[in-house]
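**Q** starting from these lines, generate the structure:
(2 chains)
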Amino acid sequence: MTLNAAITGVGISDIGRKTNRPAIAHLAEAARRALDSAGLTRDDIDGIATYPGKADNSPGMSPLGTGEVRNALGLRTRWHSAVPDGPSQMAPIQVAAMAVATGQARHVLCFRALTESSSQTAAQRASIPGAGRARLGGWYSYLVPANAMSASNWAGWMATRYFHEYGMTREHLGMVATGQRAFAQHNPSAVMRSPLTMEDYLGARMISSPLGLFDCDVPIDGACVIIVSAADAAKDCAQAPLTIEAMGAALGSQETWDQRADLTTMGAHDACADLWARTDMKPADVDVLALYDGFSIFVPYWLEAFGFCGHGEARDFIAEGNIGPGGRFPVNTGGGQLSGGRLHGFGLLHEACTQLWGQGGGRQVAGAKTAVCGMGGGFIAGSMLIRRD
Amino acid sequence: MRPLPELTPENTAFWTGGARGELTIAFCADCAHAIHPPQLICPKCWNEAIEFKAVPGTGTVYSFTVNHQQWAPGMAVPFALAVVDIDGAPGVRVTAEVVNTDPESVHIGQAVRATFLNIDDIWFPQWEPAI
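**A** Model prediction:
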């Protein structure tokens, strides 16, 4: 059941670590590149969407809301949305697809901007919810005050359980990390491009067992823009529209990281089951995979959630070489967040679109026409299937 | 220093039960469903009569992680965090630090019991080996 919506342009800023460049400068650069990619001008943009909206609950997490971007770029819009509670970081893409499909807008500029690298300090690390506040509420008030401060702790206990049940080892996650680094060597915009060996991976310091330094993605400064257009408007754009074939947003468990009955699964499993119920396409039809890798362990979870292999089988699926360069189901071909930097899912979708347009350079997957994208870890997830006809 | 939870009608029993040495969980007064994190309505039957009851304070480690990274100034590392299936409240897990043991000795299936760390008006449950 194809949506009357397509991705028509993507853009990414010159991302980096400690750029000390204003978030709006990154955003404007990404927007200019996305417009050029789509063959559109600023005046064609009549919608804007972001995740999560301006938020200061974690340093550099989300320095820009839709209002500031409208102001700064001089946009006049007919529709706008910032979605903190939605299907993961993918929420703005999904709501934009629904907006254009229902005639609320023609071309929606979806953005994600982060300045985590410049903003974090020893006292206030990036991605620690509620950083700097004396008292916390909400789901993370049962984790952060208990010294389970970082998502690396939450992903760590998921990985421990998964390893225990299915015999996965650190070497398997090392194959994810080194494979993505091999892709990143061909991606000029990735922040980490030097070779990474299994010895490097295994020798790196532990962060939260069994996850070590190279199992964690890299906080960066940067911005990414994805333009979502109505199907009829997309035909006038510079590149072949990437039709949104199906998407999923299902949530089957509580909003927290420790109560899901089976922590060898996560929200992704719910969101992906819903996606496949809405299309006749199958995992075997997919050429390129963009899977959320805030932590390496999420990659096997997403592989199983999307059904590229059975539950508990990701270990062998990875070891057989399916997901790295030259594999049948290449994952995060731009290096992912592990090597490319944490653009909170947007960078992964940017890369998938780049592949479907045949612009992947030395990392191009030959003949790529269909991609899946999964964003989020733990209880949050959003899934999408896109294709170039 | 660690941030503290904001005390609310639904969570005060959980965060202060330790003053009496009790791990306190929310239950539906009608269908007896155990509710965690605590809330003021039963997610199963929508009953608004919620009881806060002490459970034995024992449980079994479902999973764990040993944290090595200092996320905040003054945080002493390494330490183990355990996700524990608790006795007397089916389906409920309480995640907390494991104390009074070598972090590297924590394992899935380990029997643990609650002890409490008092900071200000909060009594944090912590886990220690039961044997």
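
**Q** ok, residue 124 - how many residues close by?
**A** Picking chain A for this. Neighbourhood size, residue A:124 [other CB atoms under 10 Å in any protein chain shown]: 16. Any C-beta I mention is one placed from the backbone N, CA and C, and that applies to glycine too.

**Q** not quite, I wanted chain B
**A** Residue B:124 has 20 nearby residues by other CB under 10 Å.

**Q** same thing with residue B:48?
**A** Count around residue B:48 with other CB under 10 Å applied: 11.

**Q** now it: closest residue in space, sequence neighbours ignored.
**A** residue B:41 (5.4 Å; CB to CB, 6 or more residues apart in numbering or on different chains).

**Q** average pLDDT across stretch A:49-63?
**A** Computed over stretch A:49-63, the mean pLDDT rounds to 89.

**Q** does it come close to chain B?
**A** No. Against chain B, stretch A:49-63 shows no contacts by CB under 8 Å from any CB of the partner chain, the least distance being 11.5 Å.

**Q** so what's residue A:363 up against?
**A** A:183, A:186, A:187, A:325, A:333, A:334 (CB atoms under 8 Å, 6 or more residues apart in numbering or on different chains).

**Q** in ChimeraX, select just the buried ones from those.
**A** Entered in ChimeraX, the line below selects the buried ones among the contacts of residue A:363, by 16 or more other CB atoms under 10 Å in any protein chain shown:
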select /A:183,186,187,325,333,334
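
**Q** looking at the contacts of residue A:363, which are in strands?
**A** Secondary structure from DSSP state E places none of the contacts of residue A:363 in strands.

**Q** so residue 115 bridges to which residues?
**A** If you meant another chain, say so; for now it's chain A. Bridge pairing for residue A:115 (DSSP bridges) gives the partners residue A:221.

**Q** oops, chain B please
**A** residue B:126.

**Q** tell me the contacts of it?
**A** Contacts of residue B:115 (CB under 8 Å, 6+ apart): B:99, B:100, B:125, B:126, B:127, B:128.

**Q** identify the farthest-apart pair in the residues you listed.
**A** Spatial extent of these (CB to CB) is set by the pair B:100 and B:125 at 13.6 Å.

**Q** tell me which of these two has more neighbours.
**A** Neighbour comparison, residue B:100 and residue B:125: the larger count goes to residue B:125, with 23 against 9 (by other CB under 10 Å).

**Q** show me the contacts for the more buried one.
**A** Here residue B:125 is in contact with A:146, B:18, B:23, B:94, B:96, B:114, B:115, B:116 (CB under 8 Å, 6+ apart).

**Q** so which of these comes closest to residue A:96?
**A** Closest to residue A:96, out of all of the contacts of residue B:125 and judged by CB to CB, is residue A:146, at 37.1 Å.

**Q** mind listing what the nearest residue to that closest one once chain neighbours are set aside touches?
**A** The spatial neighbour of residue A:146 that comes closest, neighbours along the chain excluded (CB to CB, 6+ apart), is residue B:96 at 5.1 Å. By CB under 8 Å, 6+ apart, residue B:96 lies in contact with A:146, B:81, B:82, B:84, B:114, B:124, B:125, B:126, B:127.

**Q** quick check: bridge partners of residue B:96?
**A** Beta-bridge partners of residue B:96, as defined by DSSP bridges: residue B:82.

**Q** where does residue B:13 sit: helix, strand or coil?
**A** Classification of residue B:13 by DSSP: H, G, I helix; E, B strand; the rest coil places it in helix.

**Q** ok so, going back, next, format the contacts of residue B:115 as JSON lines and append pLDDT.
**A** Output for the contacts of residue B:115, formatted as JSON lines (pLDDT from 0 to 100):
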{"residue": "B:99", "pLDDT": "98"}
{"residue": "B:100", "pLDDT": "98"}
{"residue": "B:125", "pLDDT": "98"}
{"residue": "B:126", "pLDDT": "98"}
{"residue": "B:127", "pLDDT": "98"}
{"residue": "B:128", "pLDDT": "98"}
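
**Q** helix or strand for the residue of chain B found nearest chain A, which one?
**A** Closest to chain A within chain B is residue B:65: 3.2 Å, counting by CB to the nearest CB. Using DSSP states H and E, residue B:65 maps to strand B:58-67.

**Q** repeat that for residue A:99.
**A** Counting by DSSP H and E, residue A:99 is found in helix A:91-101.

**Q** let me know the pLDDT of the closest residue to residue A:276 other than its chain neighbours.
**A** Computed as CB to CB, 6+ apart, the closest residue to residue A:276 that is not its neighbour in sequence is residue A:307, at 6.8 Å. For residue A:307, the model assigns a pLDDT of 98.

**Q** and for the one 3 residues further on?
**A** In this model, residue A:310 is scored at 98, pLDDT.

**Q** residue boundaries of the strands in the chain?
**A** I went with chain A, as the question did not name one. Counting by DSSP E, the strands of chain A are A:5-12, A:47-50, A:79-82, A:107-115, A:135-136, A:206-208, A:211-212, A:221-230, A:242-248, A:288-291, A:370-375, A:382-388.

**Q** chain B is the one I meant
**A** Under DSSP E, chain B gives strands at B:4-5, B:23-28, B:34-35, B:50-55, B:58-67, B:79-86, B:93-98, B:111-119, B:122-129.

**Q** wait, which of these is closest to residue A:359?
**A** The nearest among these, by CB to CB, is strand B:58-67 at 39.4 Å.

**Q** sorry, back to before: most neighbours among the contacts of residue B:96, which one?
**A** Neighbour max across the contacts of residue B:96 (other CB under 10 Å) = residue B:127, 31 neighbours.

**Q** test my guess that that residue contacts residue B:114.
**A** Yes. Using CB atoms under 8 Å, residue B:127 is in contact with residue B:114, at 6.5 Å.

**Q** okay, and the common contacts of these two?
**A** Joint contacts of residue B:127 and residue B:114 (CB under 8 Å, 6+ apart) are B:59, B:96.

**Q** flag every residue of the stretch 201-350 of chain A that's near chain B.
**A** A:205, A:206, A:207, A:208, A:209, A:210, A:211, A:256, A:258, A:259, A:261, A:263.

**Q** count the neighbours of the second one for me.
**A** Going back to what we said before, that points to residue A:206. 19.

**Q** over to the fourth one?
**A** Summarising burial for residue A:208: neighbours were counted as other CB under 10 Å, giving 30.

**Q** one more: the first one?
**A** Using other CB under 10 Å, residue A:205 has 9 neighbouring residues.

**Q** who touches it in this structure?
**A** A:212, A:213, B:68.

**Q** go with 10 Å
**A** A:212, A:213, A:214, B:68, B:69 (CB atoms under 10 Å, 6 or more residues apart in numbering or on different chains).

**Q** same thing with the second one?
**A** Residues in contact with residue A:206, defined by CB under 10 Å, 6+ apart, are A:156, A:170, A:212, A:213, A:215, B:65, B:66, B:67, B:68, B:69, B:77, B:78.

**Q** the third one too?
**A** Taking CB under 10 Å, 6+ apart as the definition of contact, the neighbours of residue A:207 are A:150, A:152-153, A:155-156, A:213-216, A:295, B:65-69, B:71.

**Q** out of those residues, give me the two with the largest separation.
**A** Maximum distance among those (CB to CB): 18.4 Å, for A:214 and B:71.

**Q** next up, the contacts around the spatially most central residue of chain B.
**A** Nearest to the geometric centre of chain B sits residue B:94, at 3.6 Å (CA atoms, centre = their mean). The contact partners of residue B:94, taken as CB under 10 Å, 6+ apart, are A:142, A:146, A:258-259, B:14, B:23, B:25, B:36-37, B:55, B:57, B:59, B:82-86, B:112, B:114, B:125-127.

**Q** about what we covered before: nearest to residue A:38, of the strands of chain A?
**A** strand A:5-12 (2.7 Å).

**Q** helices and strands around that closest one, which ones?
**A** helix A:23-38, helix A:91-101, strand A:107-115, strand A:221-230, helix A:231-234, strand A:242-248, helix A:346-356, strand A:382-388 (3 or more CB pairs under 10 Å, 6 or more residues apart in numbering or on different chains; DSSP states H and E).
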